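Chemist: Just to be clear, the model below is a prediction. Sequence and coordinates:
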Amino acid sequence: MCDMPCDYDPCCCLAPPPVKGRLFTIMLLYCWQTEYDKRPYRHFRFSRLDFEERMNRKYHCIRDFRTVVNFMLRRHLFSASISSTVVSNWDVTLLRDFVRSLIPLHKIELRLMQLPREFFVMLRLNVRKMMVVDLNLEGTQLSEYDVRMLHKFLVATKTLRHLNVACCNITQYNFALIADGVHKAENIISLNASRILGLKLTLDTEKIMSLVGTLLMQNQLVNLTLQHCEFVAHDMEPIAEYLSSKKSSLRKLDVAYNRIGADGTLFLMRAIAKGGMLSYLNISGNGIGRHGGGWIAMRFSSCRMLRELILNYNDIDASAINLILLTIKKPSRVLKLNLYGNTFNARTAMILRRLLDSGVLRHEEIDLSYTYDEALQNYRVVPWR
């Protein structure tokens, strides 16, 4: 055996050599766009996570973002979706060019972004030139100053119709500014303000719903989404009052993952049956239970225009689920019925089998199916994805 010291280290041989990061160019961005878009390539998409995975290096908030902005300025785009990207205010020219690249777009998605306050100031200064119809800021944290600038933008815009400020750090204090901006805007018909925060105090849901009720009555909203806002049963009364009117313009209502319970479900279903204008309802994760499922089964057949009903994870027992399924008759008006996350039994599987085999429901219209279990010697419910 050799007594001389050896410099050989087996761990060093196992480690692969470092791979040098690729050069980020406009041509490379164009090649990426041809992978997810079709001619004439007018829907741009950029994600920081995809960028770092493809380029094998960290994203640079000035050098790499300059390439993205130059690409957007050169192309005649219809929409742009940018996510998880940091926009720096160190280069004022770059920030101004970024806002200029957004002016001709009809759909703007800036998700999970870090935007400086100067961006919203420039957005407000260019509002008369902008053609945006759909503005999505989901997950982008907004400060008090950002909300004030966004309020001025909403008041001045003439083209905006859809606004999404979900998970944007909107509190019960500055939500009034968002509501006032939507109220004073001329054409907004869709609002997503999910996850409103109470900040240091408990969220005053009654005050929030009074603002929402005013918006519904005066602005004729068509689509309203308020998820994760801690609403309880009596908070549904302003919405139910509006839905019970024959002149209601609201077509889609999403109040998933709140705490409205069985009583809130009764308020909504009774109003929908009376007004008959709502076509989409999502009350998933509200713990409506057996009694809430019973109210749905009782009123579902009277809701003439209700085409899509989402009831996932509501602790509805099998007997109430069976009653809901038994209300579906041929010809069915249901386009989407989601029941996964509740309780089912063998009778539920038999009812599903009859509905699906007879063609009353199609597989793409419900998120459940059935299968024969050899161990149980009976049919059971399985999810259908």
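Modeler: Cool, got the structure.
Chemist: the helices in this structure, which residues?
Modeler: 10-14, 26-36, 48-55, 63-74, 92-102, 117-125, 144-156, 175-184, 205-219, 237-243, 261-275, 289-299, 318-326, 346-357 (DSSP state H).
Chemist: helices or strands up against the last one?
Modeler: Of the remaining helices and strands, those touching helix 346-357 by 3 or more CB pairs under 8 Å, 6 or more residues apart in numbering; DSSP states H and E are helix 318-326, strand 368-373, strand 378-383. C-beta: built from backbone N, CA, C; applies to glycine.
Chemist: ok, back up a step: how about JSON lines for the helices of the chain, with mean pLDDT and distance to residue 231 added?
Modeler: Output for the helices of the chain, formatted as JSON lines (pLDDT from 0 to 100; distance: least, CB to CB, whole Å):
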{"stretch": "helix 10-14", "mean pLDDT": "57", "distance to residue 231": "56"}
{"stretch": "helix 26-36", "mean pLDDT": "93", "distance to residue 231": "37"}
{"stretch": "helix 48-55", "mean pLDDT": "92", "distance to residue 231": "33"}
{"stretch": "helix 63-74", "mean pLDDT": "95", "distance to residue 231": "39"}
{"stretch": "helix 92-102", "mean pLDDT": "95", "distance to residue 231": "34"}
{"stretch": "helix 117-125", "mean pLDDT": "95", "distance to residue 231": "29"}
{"stretch": "helix 144-156", "mean pLDDT": "96", "distance to residue 231": "21"}
{"stretch": "helix 175-184", "mean pLDDT": "94", "distance to residue 231": "13"}
{"stretch": "helix 205-219", "mean pLDDT": "91", "distance to residue 231": "5"}
{"stretch": "helix 237-243", "mean pLDDT": "94", "distance to residue 231": "9"}
{"stretch": "helix 261-275", "mean pLDDT": "95", "distance to residue 231": "8"}
{"stretch": "helix 289-299", "mean pLDDT": "95", "distance to residue 231": "14"}
{"stretch": "helix 318-326", "mean pLDDT": "96", "distance to residue 231": "22"}
{"stretch": "helix 346-357", "mean pLDDT": "94", "distance to residue 231": "29"}
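Chemist: Kindly format the C-alpha coordinates of stretch 299-308 as PDB.
Modeler: Taking C-alpha atoms only, stretch 299-308 is exported to PDB below (Å, rounded to 0.1, in the frame of the first residue of the first chain):
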ATOM      1  CA  ARG A 299     -83.900  26.400  -5.000                       C
ATOM      2  CA  PHE A 300     -81.600  25.100  -7.700                       C
ATOM      3  CA  SER A 301     -84.400  24.100 -10.100                       C
ATOM      4  CA  SER A 302     -85.900  27.600  -9.800                       C
ATOM      5  CA  CYS A 303     -82.700  29.400 -10.800                       C
ATOM      6  CA  ARG A 304     -83.500  29.600 -14.500                       C
ATOM      7  CA  MET A 305     -80.300  31.200 -15.700                       C
ATOM      8  CA  LEU A 306     -77.800  29.500 -13.300                       C
ATOM      9  CA  ARG A 307     -75.500  27.500 -15.600                       C
ATOM     10  CA  GLU A 308     -72.400  27.100 -13.400                       C
END
